[in-house]
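Colleague: Turn this into a structure:
(one chain, ligands or ions: 1)
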Amino acid sequence: MLESLTPQPPDALLALIKLHDEDDRPDKIDLGVGVYRTGQGDTPVFAAVKRAEERLVNEQDSKSYLGPEGDIGFVNALMPYLFGKDATMGGRIAGMQTPGGTGAVRLALALAQKAGTRRVHLGLPSWPNHAQILKDLDLELVGFDHATSEGKADLDSVLGVIAAAEPGDTVLLHGCCHNPTGIDYSNEQWDAIADALSQSAAIPLIDTAYQGLGVGMKEDAYGLRAVLAKVPEALIAQSCDKNFGLYRDRVGAFYAMAKDGSQLEDIMSNAAALARANWSMPPDHGAAAVRKILRDDELTALWLEELETMRTRLRQVRAKLAEAGQSGAIDLKPLGGQNGLFSVLPLAKSQVEALRKDHAIYMAGSGRINVAGLHMGNIEKFVDALAKVSS
Ligand code: LMR
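Modeller: Sure, this is the predicted structure:
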């Protein structure tokens, strides 16, 4: 029976990790998968996480099961960062822990499907795994343009989709630090999106995987909060994999906002059943470490400081790229105004390949770069190589 399985290509983004590891050229540059790197090219464990882990080792007295909802202390501690002071919107939001942001997106979409969603509107390009999850769930992906040809967020496109949506449709939006383009909606655009969603038949699903890597924890939640303030119901996928640097520990959360708080129990019972059937329970360690940090003022301050260092470095790299201006046919100026880890360069597949083969520079086939892979010691080489392959 198993012979009938046809080979599947490896995930292109994850395959890059291996290709880069196998390259022994000393000046290789990894702009592939979305992990933060320091100016030395490392992805260290946050000091706040290390300290929380030490406390966990000393204080945790059981590894017994928690249940499909995972660490509810973690889920609740995150809520003010996502939703603001009234973190439950008057008792209308509840959540559960998930294996990473991917688990949260998967759970949100599976729940939407159970409630009647058949089509999901998604601005393209998007994180390739969004499409894979939709395909796996047998949900129809209806694409719209995320950005205009001038490299601005395309408000008309998203408003058109929201206005024309039919009952049961889901609109999947990136909360901040758009992956792959780095092009976010402005606050004014978010206000317009929130107004449109309040009149729409569609339910929004907001994927917030990079909060704090754009402008700030609060600033990056502007769109999410603007939408939640206006709509009757919403689904939210959150990740701590990036903003706590807990990638391999898979730390995420799923939240649902109901029209009325009395509906939450039924909604979350469905989410719990889906979680149980998918992964039973999320892994504990990373979420427990985040809970420890967020329940301790000193560790919270340390974490926020470390996050700010990351954000500042990303901004410096972006400023330096923008300063380089034109490199061959590639205009790097727009990168200065984009947010988060990613930007997309208008490179053909053959140029991406030439960068890898001739210059040991690794990036996704779409031309997406992770700007965190650049630092003052390799930006010049990168800009020169871009000129060489694109002139
Ligand atoms: C990325 O887009 O590089 C990250 O979100 C990692 C992943 O899981 O794809």
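
Colleague: how near is the residue in the chain positioned nearest to the ligand to Gly101?
Modeller: Closest approach between the chain and the ligand, counting by Cβ to the nearest ligand atom: Gly34, at 3.0 Å. From N, CA and C alone the C-beta is placed, and that goes for glycine too. Distance, Gly34 to Gly101, by Cβ to Cβ, to the nearest Å: 11 Å.

Colleague: Show me which residues of the helix or strand harbouring Lys50 are buried.
Modeller: Assigned by DSSP states H and E, Lys50 belongs to helix 47-59. Buried residues in helix 47-59, counted by 16 or more other Cβ atoms under 10 Å: Ala48, Val49, Arg51, Ala52, Glu53.

Colleague: near the ligand, which of these show up?
Modeller: With the criterion set as Cβ under 6 Å from any ligand atom, no member of the buried residues of helix 47-59 is near the ligand.

Colleague: For Ala110, state which of those residues is nearest.
Modeller: Val49 (29.6 Å; Cβ to Cβ).

Colleague: does the closest one really touch Ala288, like I thought?
Modeller: No: between Val49 and Ala288 there is no contact under Cβ atoms under 8 Å: 10.9 Å.

Colleague: wait, what's in contact with Ala275?
Modeller: Pro68, Glu69, Met96, Thr98, Leu107, Met281, Pro282 (Cβ atoms under 8 Å, 6 or more residues apart in numbering).

Colleague: hang on, I meant Gln238
Modeller: If you count contacts by Cβ under 8 Å, 6+ apart, then Gln238 has Leu78, Leu82, Gly101, Ala104, Thr208, Ala209, Gln211, Gly252, Ala253, Phe254, Tyr255 around it.

Colleague: Can you check the pLDDT for Leu109?
Modeller: pLDDT recorded at Leu109 is 98.

Colleague: Am I right that it falls within a strand?
Modeller: No: using DSSP: H, G, I helix; E, B strand; the rest coil, the secondary structure at Leu109 is helix, not a strand.

Colleague: so how far is Ala271 from it?
Modeller: On the measure of Cβ to Cβ, Leu109 and Ala271 end up 11 Å apart.

Colleague: dump the residue contacts of Pro128.
Modeller: Asp11, Ala12, Leu13.

Colleague: Surely Lys114 and Ala271 touch.
Modeller: No: counting by Cβ under 8 Å, Ala271 is not a contact partner of Lys114; they are 9.1 Å apart.

Colleague: higher neighbour count, those two?
Modeller: Neighbours were counted for Lys114 and for Ala271 using other Cβ atoms under 10 Å; Ala271 has more, 24 against 12.

Colleague: Quickly find the element holding the more buried one.
Modeller: Going by DSSP H and E, Ala271 is in helix 264-278.

Colleague: May I see the buried residues of that helix?
Modeller: Leu264, Ile267, Met268, Ala271, Leu274, Ala275.

Colleague: so the second one sits right up against Ile93, yeah?
Modeller: No: counting by Cβ under 8 Å, Ile267 sits too far from Ile93 to count as a contact (10.4 Å).

Colleague: how far does the helix holding Ala271 sit from the chain's center?
Modeller: Put simply, helix 264-278 sits 23 Å off its chain's centre (Cα atoms, centre = their mean, to the nearest Å).

Colleague: Following the chain onward from that helix, which element is next?
Modeller: helix 285-294.

Colleague: tell me how far that next one is from the chain's mean position?
Modeller: Using Cα atoms, centre = their mean, the offset of helix 285-294 from its chain centre is 19 Å.

Colleague: Whichever helix or strand comes after that helix - contacts with which helices or strands?
Modeller: Note on helix 285-294: by DSSP H and E, the next helix or strand toward the C-terminus is helix 297-324. Contact here means 3 or more Cβ pairs under 8 Å, 6 or more residues apart in numbering; DSSP states H and E; on that basis helix 297-324 packs against helix 47-59, helix 285-294, helix 379-390.

Colleague: Okay, now the sheet partners of the following helix or strand past helix 297-324, with direction.
Modeller: Note on helix 297-324: by DSSP H and E, the next helix or strand toward the C-terminus is strand 326-327. Here strand 326-327 is paired, per DSSP bridges, with strand 330-331 (antiparallel).

Colleague: after the strand it pairs with, next one along is what?
Modeller: Strand 330-331 is succeeded, C-terminally, by strand 342-344 (DSSP H and E).

Colleague: quick one: is that next one near the ligand?
Modeller: No: in terms of Cβ under 6 Å from any ligand atom, no part of strand 342-344 sits within range of the ligand; the closest distance is 7.3 Å.

Colleague: Identify all contacting residues around that strand.
Modeller: Contacts of strand 342-344 (Cβ under 8 Å, 6+ apart): 34, 125, 177-182, 318, 334-335, 366-371.

Colleague: Stretch 155-172 too?
Modeller: 109, 112, 115-123, 126, 130, 142, 144-146, 173, 185, 189, 192-193, 196-197, 199-205, 207, 235.
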